[in-house]
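*Asks:* pasting the sequence and the predicted model now:
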Amino acid sequence: MLTALRNSLNGFMAYVIVGLVIVAFGVFGVPELGRMTQPSAVKAGGIKISAQEIDREFTQIIRRQESETGRQISREDAIAQGFVDVAVKRLTVRTLLDKESDKFGLGVTDEMVREYLMEIPAFIDPITGRLDNNRMARALQDFGLSIQQFETVISNELRRSQLTNVLATPIPAPRPMAKDLLLRQSEARSLTVVTIPLEKLGEVPEPSEEDIKSYYDNHPDKFIMPEYRKFRAAIFRPSDFTEGLEVSEEDLKTLWELRKDSLGEMERRTVRILTFRSEESAKGALDQLKAGTSFEELAAHQNHALENITFKDAMFTELPDLGVAQKAFALTEPGVSEESIKTPFGDAIFEVVDITPAKETSFEAERANLEQEILLEDTSRKMIETIEAVESLLDTGLPLEEALQEAADVSMQSFGPVDRNFFTRGGAIIDKLPLSVLNEAFALQEGDETPALPLDEEDGYYFLALDEVLPPARKTLDEVRDTIAALWRADQISAMLGKVAIDIEARVAAGEDLKDVAQSLGYETKTIIVKRGEANQSLPPSLLENIFFADIGQSVSGQQMASNAVVIARIDDVFFPPLLQGEETMLNLYQNGMGAQIADETFQAYLNTMEAEEGVKINEAVISTVFGADLAQ
């Protein structure tokens with residue numbers, strides 16, 4: 001967990017992850033004091049957990065889910081999905097692990113915390129390579145935490161991790177166990193197989209009207225139509241407002257003058273930078289470079305990986321210090337700095353490794369882009385003005401349809417009935433409807449109208465009116481008559497094939513040889529070898545799976561529905577190919593994989609034992625004070 005956290009703390013995501021850690025460990029306020037003054041929602045091992053702490057954890061779970069799925073989750077939906085139970089479980093486990101850590105006297109030194117913080121890139125100065133308290137303070141400021149408070153959070157988690165690492169660190173499984181499993185996965189079986197096609201079994205009957213009606217009546221859960229909705233929408237895009245717009249040559253040249261310095265491609269340079277504590281050390285490093293020492297060797301001597309001090313294809317403004325940037329971009333060709341440069345982080349030297357010259361552009365080359373930019377600005381402005389005019393009329397009480405007609409000379413387009421997947425009742429797909437509009441239609445109540453809402457997929461807005469909700473309903477018999485006839489015939493075919501398979505398997509089970517049984521019925525057999533995990537087009541998937549659970553001499557069967565045939569197979573022999581030299585690596589992977597699974601199960605068993613021994617009591621009434629009636633639902 002901590003390793004994953006360290007690896008994630010880089011760039012913008014550093015601030016996000018730090019926030020998740022802070023909220024996850026409940027350091028808003030002082031939970032211990034809250035536990036003393038508030039009734040407990042949960043008591044784990046005698047330690048109280050308040051409903052407010054559960055609410056904070058619950059909120060953080062929602063945020064994580066929203067971040068992972070890219071969609072908003074309402075509080076009500078989160079409760080319905082069981083997020084409250086998840087929050088309670090996490091806080092309970094965390095509390096019990098803290099108590100268990102106390103029991104074993106586990107502790108964390110300041111040096112351990114510092115070493116851990118040193119592995120978080122967001123807290124390290126990129127030039128000096130040292131822990132930067134200012135960077136830490138800025139990262140934590142938004143959460144109202146000091147560096148000392150955050151170090152306490154990390155200290156507590158490191159203490160817990162000492163315990164969890166002992167319990168959950170995987171140890172390779174015993175080699176014989178892993179070898180048996182690997183052999184099992186490479187198992188092969190020799191089969192005697194007979195295939196009996198449907199045409200050998202006689203004609204398949206056609207269903208009568210009574211058969212069709214009976215099938216319909218006996219399958220009430222089949223043939224259900226999804227919920228459909230009928231709605232009207234008016235969709236506005238900037239491209240709808242191009243009529244009458246022209247871009248003058250004067251406007252194009254004015255925009256060109258404003259943009260020309262930023263158009264084209266800026267010069268870029270790959271620069272390596274090393275910073276030293278003193279000017280003397282920096283000069284000594286420059287002397288080594290002039291004597292033939294490589295920049296890479298200097299970086300290694302300072303315990304820096306070359307990639308950590310390299311700014312690849314950086315523009316002038318992307319280098320971390322103005323003085324370094326000025327000197328590095330003043331060189332006319334790759335090379336090293338002539339002298340050290342004073343920076344806020346120490347005395348720096350640099351090496352320019354590569355130069356990518358700037359690429360200039362011309363007015364004519366950029367004409368189409370400039371014209372498009374002006375048109376987009378003008379059409380977007382006209383679109384917003386139109387939408388504001390519509391909403392002004394809506395504010396006067398004018399119905400949506402009339403407001404659109406008066407302000408924009410637009411009539412709403414009707415859609416539906418349509419389901420959530422863009423399908424109409426007839427099976428056609430509505431392919432020109434934006435997903436955000438459809439999703440909103442299924443979020444409204446019948447009769448609702450929306451204000452202008454932004455399109456998620458593109459630049460634009462829409463107004464929506466939900467006219468009718470058609471709840472899920474069963475299709476009529478006439479609508480599914482042909483489908484039922486096909487399903488009824490499929491059942492008859494399955495029954496015919498199943499009967500002959502049962503008869504043959506019974507004769508084999510009674511002692512007859514499968515070859516003799518097949519010959520007596522006029523069918524030929526063949527011998528094949530199948531390997532576990534390998535597909536075989538001549539065998540039905542269900543039969544292929546069951547083959548590896550049957551004993552030698554036993555027969556199994558399966559229906560090949562694509563070709564309307566039944567296949568009966570007898571297991572003649574089982575053998576395991578010897579492990580090849582290359583499979584020793586696979587054996588090691590099996591050992592490690594099984595060890596990881598055993599460690600996970602052991603850790604879960606330990607948690608279950610802690611809960612049983614320490615006792616966990618949940619007060620639903622107290623939890624309901626925060627989550628209210630929604631929890632009961």
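*Replies:* Received it, and whenever you're ready, just let me know what you need. Numbering: from 1, shown residues only.
*Asks:* so Ser40 bridges to which residues?
*Replies:* Ser50 (DSSP bridges).
*Asks:* contacts only, for it.
*Replies:* For Ser40, the contact set (Cβ atoms under 8 Å, 6 or more residues apart in numbering) comprises 48-50, 619, 622. Backbone N, C-alpha and C define where each C-beta goes, glycine included.
*Asks:* on the three-state scheme, Thr332 is what?
*Replies:* Here Thr332 is coil, with the state taken from DSSP: H, G, I helix; E, B strand; the rest coil.
*Asks:* for Ala403, grab the count of nearby residues.
*Replies:* Using other Cβ atoms under 10 Å, Ala403 is surrounded by 22 other residues.
*Asks:* could you report the distance from it to Val410?
*Replies:* 10 Å (Cβ to Cβ, to the nearest Å).
*Asks:* got it, and Leu201?
*Replies:* Distance from Leu201 to Val410, by Cβ to Cβ: 64 Å.
*Asks:* is it true that Met225 touches Val480?
*Replies:* No: in this structure, Met225 is not within contact of Val480 by Cβ atoms under 8 Å, at 10.3 Å.
*Asks:* now the contacts of Ser40 in TSV, with distance to Ala348?
*Replies:* Below are the contacts of Ser40 laid out as TSV (distance: Cβ to Cβ, whole Å):
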residue	distance to Ala348
Lys48	54
Ile49	51
Ser50	51
Asn619	60
Val622	58
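*Asks:* residue closest to the middle of this structure?
*Replies:* What sits nearest the mean C-alpha location of the chain, by Cα atoms, centre = their mean, is Glu68, with 5.2 Å.
*Asks:* pLDDT wise, what is it at?
*Replies:* Turning to Glu68, the model gives it a pLDDT of 79.
*Asks:* so how far is the helix or strand containing Leu96 off the chain centroid?
*Replies:* Using DSSP states H and E, Leu96 maps to helix 83-103. Put simply, helix 83-103 sits 26 Å off its chain's centre (Cα atoms, centre = their mean, to the nearest Å).
*Asks:* quick one: contacts of it?
*Replies:* Contacts of helix 83-103 (Cβ under 8 Å, 6+ apart): 24-26, 41-42, 44-45, 47, 49, 53-55, 57-58, 61-62, 65, 78, 156, 159-160, 162-164, 607, 610-611, 614, 616, 618, 623, 627, 631.
*Asks:* quick one, what contacts the nearest residue to Thr356 once chain neighbours are set aside?
*Replies:* Among residues not flanking Thr356 along the chain, Arg268 sits closest, at 4.4 Å (Cβ to Cβ, 6 or more residues apart in numbering). Contacts for Arg268 (Cβ under 8 Å, 6+ apart) come out as 313-315, 355-356.
*Asks:* among those residues, which are in strands?
*Replies:* Counting by DSSP state E, the part of these found in strands is 313-314, 355-356.
*Asks:* can you tell me the SS state at Phe415?
*Replies:* strand.
*Asks:* could you find the closest non-adjacent residue to Arg237?
*Replies:* Gly460 is the one closest to Arg237 (Cβ to Cβ, 6+ apart), at 4.0 Å.
*Asks:* the inter-axis angle of whichever strand or helix holds Gln52 versus helix 83-103?
*Replies:* Following DSSP H and E, the helix or strand that holds Gln52 is helix 51-69. Relative orientation of helix 51-69 and helix 83-103, computed by axes from the mean of the first three to the mean of the last three Cα atoms, to 10 degrees: 110 degrees.
*Asks:* tell me the gap between helix 51-69 and the middle of its chain.
*Replies:* 17 Å.
*Asks:* next secondary structure after that helix?
*Replies:* helix 75-80.
*Asks:* show me which residues of that next one are buried.
*Replies:* Across helix 75-80, burial judged by 16 or more other Cβ atoms under 10 Å covers 78-79.
*Asks:* what's it packed up against?
*Replies:* Applying 3 or more Cβ pairs under 8 Å, 6 or more residues apart in numbering; DSSP states H and E, we find helix 75-80 packed against helix 51-69, helix 620-632.
*Asks:* out of those helices, flag the one nearest Thr361.
*Replies:* helix 51-69 (38.8 Å; Cβ to Cβ).
*Asks:* what residues does the strand or helix carrying Glu401 touch?
*Replies:* Here Glu401 sits within helix 400-408, counting by DSSP H and E. The contact list for helix 400-408 (Cβ under 8 Å, 6+ apart) reads 232, 234, 236, 386, 389-394, 398, 410-412, 449, 463, 465.
*Asks:* what subset of these is buried?
*Replies:* 232, 234, 236, 386, 390, 393-394, 398, 410, 412, 463, 465.
*Asks:* quick one: which of those residues sit in helices?
*Replies:* If you go by DSSP state H, the buried ones among the contacts of helix 400-408 have 386, 390, 393-394 in helices.
*Asks:* show me what Ile529 is bridged to.
*Replies:* Ser190.
*Asks:* now do the contacts for it.
*Replies:* Neighbours of Ile529 in contact, by Cβ under 8 Å, 6+ apart: 188-191.
*Asks:* could you export these to JSON lines, including columns for distance to Ile502, neighbour count and pLDDT?
*Replies:* JSON lines is the format used below for those (distance: Cβ to Cβ, whole Å; neighbours: other Cβ atoms under 10 Å; pLDDT from 0 to 100):
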{"residue": "Ala188", "distance to Ile502": "28", "neighbour count": "15", "pLDDT": "90"}
{"residue": "Arg189", "distance to Ile502": "22", "neighbour count": "19", "pLDDT": "92"}
{"residue": "Ser190", "distance to Ile502": "24", "neighbour count": "15", "pLDDT": "93"}
{"residue": "Leu191", "distance to Ile502": "19", "neighbour count": "25", "pLDDT": "93"}
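*Asks:* dump the residues you listed into TSV; add distance to Ala506 as well.
*Replies:* Formatted as TSV, those follow (distance: Cβ to Cβ, whole Å):
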residue	distance to Ala506
Ala188	28
Arg189	22
Ser190	23
Leu191	19
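*Asks:* show me which pair in the residues you listed is furthest apart.
*Replies:* Ala188 and Leu191 (10.1 Å).
*Asks:* what sits in contact with each of these two?
*Replies:* Listed contacts common to Ala188 and Leu191 are 529-530; contacts here mean Cβ under 8 Å, 6+ apart.
*Asks:* low-confidence stretches in the stretch 51-200 of the chain?
*Replies:* Counting by pLDDT under 70, the stretch 51-200 of the chain has low-confidence residues at 139-145.
*Asks:* and stretch 303-314, what's buried?
*Replies:* Here stretch 303-314 shows 304, 309-311, 314 as buried, counting by 16+ other Cβ under 10 Å.
*Asks:* show me which of these is closest to Glu545.
*Replies:* Within the buried residues of stretch 303-314, the smallest distance to Glu545 is 53.5 Å, found for Thr310 (Cβ to Cβ).
*Asks:* identify the residue nearest that closest one in space, chain neighbours excluded?
*Replies:* In space, Thr310 is closest to Arg272, 5.0 Å off (Cβ to Cβ, 6+ apart).
*Asks:* next, the contact list for Asp313, please.
*Replies:* Asp313 neighbours (Cβ under 8 Å, 6+ apart): 268-270, 354, 356.
*Asks:* what about 7 Å?
*Replies:* By Cβ atoms under 7 Å, 6 or more residues apart in numbering, the residues touching Asp313 are 268, 270, 356.
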